Structures are given as structure tokens and as C-alpha cells.
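>>> sequence first, then the predicted structure, then my questions.
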Amino acid sequence: MGNFNSAVITKKGQALMAKVVAGTTKLNFTRIAVSDSELSNDLASLTGIGTIRQSQAVSYVERQNNSYVKVGTSFVNTSLASGYYVRNIGFFCMLQIHKREKFFIVFQWQMRAKKQQNGCLLLMGLDHPAC
């Protein structure tokens, strides 16, 4: 298992959440991506997670209660040419009012993604206040 370091809603993500809270739009999580890039310390100002090593569409969004949702996907490592370190996990979303994807949340993480022949899965998830 990896070591979780931090999770930050980006400044643009905060602006998106304000629109959702105001009731002017709804947010749909679209994909989760992983990167091995070293990022700056100012995570809130990021607009991406660097070089994306793998990306998958969100496979589930489950409302946990009136305050939280669980968002997740899985990554299969059989298509990897070589292993890499998962340093960042980025969550992307789309608002009803926009037709393009926005970078929303970044997690800093330390975990080794290995190339294996058995089709092991790297599972990613997020519990976050409901949108």
C-alpha cells in the first residue's frame, strides 16, 4: 500500500464547488488519472498533475450520506511497458454548464505501480463532501 501525503481541491476546483453549492450547476466526475511527476508545493494552484501515466473513466460515484460521495475507478497494470511510482492522483470533472473537462482535486501519494502479468488492479477512490 502507498503513503498518502495530502489532498487538495484546486483553486479552480473550489470555484466549481461554489457554483455547485449555489445550485447553478451539477458536477459530474469524469476520470481519475495517475502521474509520477514531482509537483510544486502549491497544489491548490495546479491545473494538472504533470505527465499522466494512466487514466480511467470514473466507474462509480456513490452517495454515502447527505455530506459525502465516494468516487472510484480501477487501473489494470497488464498494459504497462514498465513500472512507475504513483506520486499524484488527479480527479477530473465536468459541470453541466461547461462542455469541457476540468481538473478538480489532486492527491499526493507514494506507491509503486508494477508491471505484472496477472492483471492486478490498482484501485483508486475518493470520499468527498457531496456535490
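Sure thing, it's come through. Residues are numbered from 1 along each chain as shown.
>>> now stretch 50-66 - C-alpha only, CSV.
Taking Å, rounded to 0.1, in the frame of the first residue of the first chain, the C-alpha atoms of stretch 50-66 are listed here in CSV:
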residue,chain,number,x,y,z
GLY,A,50,2.1,16.5,-14.8
THR,A,51,2.8,13.5,-17.1
ILE,A,52,-0.2,11.2,-16.8
ARG,A,53,0.9,7.6,-16.8
GLN,A,54,-2.6,6.0,-16.6
SER,A,55,-6.1,7.4,-16.8
GLN,A,56,-9.5,5.8,-16.4
ALA,A,57,-13.1,6.9,-16.6
VAL,A,58,-14.9,7.0,-13.2
SER,A,59,-16.5,3.7,-12.7
TYR,A,60,-18.7,4.6,-9.7
VAL,A,61,-20.0,7.6,-7.8
GLU,A,62,-21.9,6.6,-4.6
ARG,A,63,-23.6,9.0,-2.3
GLN,A,64,-22.6,8.0,1.2
ASN,A,65,-24.9,10.4,3.1
ASN,A,66,-26.0,14.0,2.8
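>>> next, give phi and psi for the nearest residue to Gly13 once chain neighbours are set aside.
In space, and not counting its chain neighbours, Gly13 is closest to Phe104: 4.2 Å by Cβ to Cβ, 6 or more residues apart in numbering. C-betas here are computed from N, CA, C, even on glycine. When quoted as degrees, to the nearest 10, the phi and psi of Phe104 stand at phi -120, psi -60.
>>> ok, Phe104 touching Phe92?
Yes. Counting by Cβ atoms under 8 Å, Phe92 is a contact partner of Phe104 at 6.0 Å.
>>> just grab the bridge partners of the closest residue to Leu43 other than its chain neighbours for me.
Sequence neighbours aside, Val8 is the residue nearest to Leu43 in space, at 4.0 Å (criterion: Cβ to Cβ, 6+ apart). When assigned by DSSP bridges, Val8 has beta-bridge partners Val106.
>>> so who does Val8 touch?
Contact analysis of Val8 by Cβ atoms under 8 Å, 6 or more residues apart in numbering lists Leu43, Ala44, Ile105, Val106.
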